[in-house]
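Engineer: sequence unknown, structure follows:
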Ligand code: ATP
């Protein structure tokens, strides 16, 4: 088998046939499966060898490049220098364990995210053994014939042998920001890569038209593979919130560093021993820095991402998890997202007569005009011609798998094939009688498609699409006898009336037209409508029922203060009918059409987006303006899209959402989230999860900060009072390490609280912690100071040893934190009202923590390592009583605050937070 190498042919200089011959393939049939298997053995899978990212060693080493770890390493070195071997051993040991935990957790989060990203694998249409197949891109081998359409990502390097109005965006490869025209002509050998119009290179995007090419290189042998410009595989784990928190930690580090230096100096000045003072400074630094915060946040976000994936929303960009919680407007497509995308033709109007069509789903069984036609074509010429046009101007497929009828391609077109078969018109027979010569592919900006066929009477073009796009170019209409007669203004008005009446019943209406064609003319949009224009044939109305889940999801969004807007390419009347059924538009509400939208200036549009919920006949480019207008109103916008022209709007939206099934690769690449089932309900679910994740993040922060502040306060208070440190740096390390993992992290698994979808979206500019939460953090910090310092002094007073008194102080921290953890499980409900056993991780964590704490207090080895000592029952009772007291104080504070907030909310009710 020939392999592409330095001596490989100059593909762009060879003709398509020569390339086919070189790869022993056929442009009409493609390769055989046996041949594909054989080539896969030689060439391997079509994927790029991932760039070696940060190796495990480097990733492990980077765990030590954090300010806190550096402080610890320094402390370890100094204590070793002073001959305190146990202390320095424990410090180094803890640092190592910390790095190992960080390394494992980070690796897990990264690989989970990368696996999710890969699960949205790109697909490609390939011709093999004469059949079109949809396969994952990685299954391609050299010689495969690939069919490309607008929105596809080119899966390998291809020599095009056919191209129709095809343009590709090659910025990834050439840096050129405008799309380049593609063709199938042979080019001179010296043509530069950027000018090779007859080649389509892996990683570039088809932005319009169609084409077909022979695979000449796959995987690492492609141009992209050679220059390995592909982005690294590792996803970015940072989000705005984690960045904010990392910055906060660093700021805190500076402040604490200064405070530590200050206490060190003050201590020395007062004549304390330098070692004691050094240990106090280290204790302060170790205690007061919330080192676990960034890691815990990443883990919480990663858990949110996997929860969303279970609910069919794949996050491609981590910050989207946070933004979802603040979303105020969701702009959704209609077809397939809010509706089932299960089209069934219900009515055909031809020659001025309406024929109802019966039958369900894609089974080609049913009556037309009250008759079961079987294999007989309808006797009415106009009806026959209309359905014949619909079946020929069509790229869909209909086939039976077992007992079920399946479709391939666009459901709108498949529905037309079904209707034609109900009228005895089989598309395969029709295509053999009227072979296709050329085509003008469907384009959502053009809103119609056309195909050129050779028939008995010469060449004929059939077109189908939106009535407004075709009717203005029709000069004649087909009468009931199938004869073309001039189309008067009154005829056109009657046709429009008829279409509106069908649309009002929620039917999606397509118009069908035809025209004769001269052999030498090229099929182009301009030439199609030029001269004598088109002959109007008829209307076809199809039903696409709303998704039952969408109705509930829209309602849930409304309750959550999120407006849902429908932005569709369909007709305004159809769109409004469906919007009413789903609950997006109320009776009497109006839609704004793309035409009207174009006439509005920016200010007018901003006013319109406040009122209007249904935007119809919108061209994809207009979606960008809509997103901007909404954002100018301060809205956080989630926008769905599937087509190639939707990409700019998806990028501009706060969250671009692409469809996993019907979406193009271009749309998926631009989106922050991909819906695996194309269903609107998944967006609502993701918003709910997003709010839940944000809540859990805030819960963790609220829970963790008092520990750090409390420890800091205890150290400062001891120094100010000239007392011995109630807790040593090692003991602080113990508290922080164990409680963050076994207590705090359990909050990341908290299920979504009741009522998250009953409150308005969180405004993005509001601080993460509001004033009441800051107040609570300070309250708990003071309680910790009071308990730990107070009981420590009391122990010493009663003649207990320093080790015993310190063990009591440490246990105060752990027990109060445990009690406080119950409180933090919900920021808005009391802990018993959320159910004690709704988070099974919670009790596991508490159990582990209790066992560890007993070891810490009673195991001789721990006593030696951490300078602790066993304590008696009285001490436990005192610590327990204090922890319960704290629980009561914090619980009462929460109760009072919630009551106050509720009263405030009732007062602010009218017009709260709604658009
Ligand atoms: P949405 O934007 O909500 O997904 P849509 O599918 O109607 O709705 P487009 O795909 O942009 O949006 O289609 C716009 C219009 O183009 C349709 O209302 C229909 O009239 C016409 N149309 C859609 N699909 C085809 C097709 N395959 N061939 C010809 N015309 C089509």
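Structural biologist: Everything's here; your move. All values reported here derive from a predicted model rather than from experimental measurement.

Engineer: any idea how far residue 450 is from the ligand?
Structural biologist: Between residue 450 and the ligand the distance is 9 Å, computed by C-beta to the nearest ligand atom, to the nearest Å. (Each C-beta comes from the backbone N, C-alpha and C, glycine too.)

Engineer: would that residue count as being in a strand?
Structural biologist: Yes: assessed with DSSP: H, G, I helix; E, B strand; the rest coil, residue 450 lies in a strand.

Engineer: Quick check, it in contact with residue 442.
Structural biologist: No: counting by C-beta atoms under 8 Å, residue 450 sits too far from residue 442 to count as a contact (9.2 Å).

Engineer: the more surrounded of those two?
Structural biologist: Taking other C-beta atoms under 10 Å, residue 450 and residue 442 do not tie; residue 450 has more neighbours (27 against 19).

Engineer: List the contacts of residue 557.
Structural biologist: 330, 563, 564, 684, 687, 757 (C-beta atoms under 8 Å, 6 or more residues apart in numbering).

Engineer: Of those residues, just the buried ones, ChimeraX syntax please.
Structural biologist: Burial among the contacts of residue 557 is assessed by 16 or more other C-beta atoms under 10 Å; the matching ChimeraX selection reads:
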select :330,563,564,684,687,757
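
Engineer: what residues go with each domain of the protein?
Structural biologist: The chain breaks down by automatic domain parsing into domains covering 11-50+114-222, 67-96+239-312+685-751+769-907, 322-339+547-673, 344-543.

Engineer: Sketch out the low-pLDDT regions of this protein for me.
Structural biologist: Low-confidence segments of the chain (pLDDT under 70): 1-7, 50-54, 68, 113, 116-121, 172, 228-238, 291, 905-915.

Engineer: show me what contacts residue 844?
Structural biologist: So residue 844 contacts residue 746 (C-beta under 8 Å, 6+ apart).

Engineer: Work out for me the element it sits within.
Structural biologist: Assigned by DSSP states H and E, residue 844 falls within helix 840-858.

Engineer: Report the buried residues of that helix.
Structural biologist: Across helix 840-858, burial judged by 16+ other C-beta under 10 Å covers 842, 845, 846, 849, 852, 853, 856, 857.

Engineer: Wait, residue 415 touches residue 347, no?
Structural biologist: No: distance between residue 415 and residue 347: 11.9 Å, which falls outside the contact criterion (C-beta under 8 Å).

Engineer: Can you lay out the contacts of residue 557 as JSON lines showing distance to residue 746 and secondary structure?
Structural biologist: Converted to JSON lines, the contacts of residue 557 look like this (distance: C-beta to C-beta, whole Å; DSSP: H, G, I helix; E, B strand; the rest coil):
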{"residue": "330", "distance to residue 746": "32", "secondary structure": "strand"}
{"residue": "563", "distance to residue 746": "36", "secondary structure": "strand"}
{"residue": "564", "distance to residue 746": "35", "secondary structure": "strand"}
{"residue": "684", "distance to residue 746": "27", "secondary structure": "helix"}
{"residue": "687", "distance to residue 746": "24", "secondary structure": "helix"}
{"residue": "757", "distance to residue 746": "24", "secondary structure": "helix"}
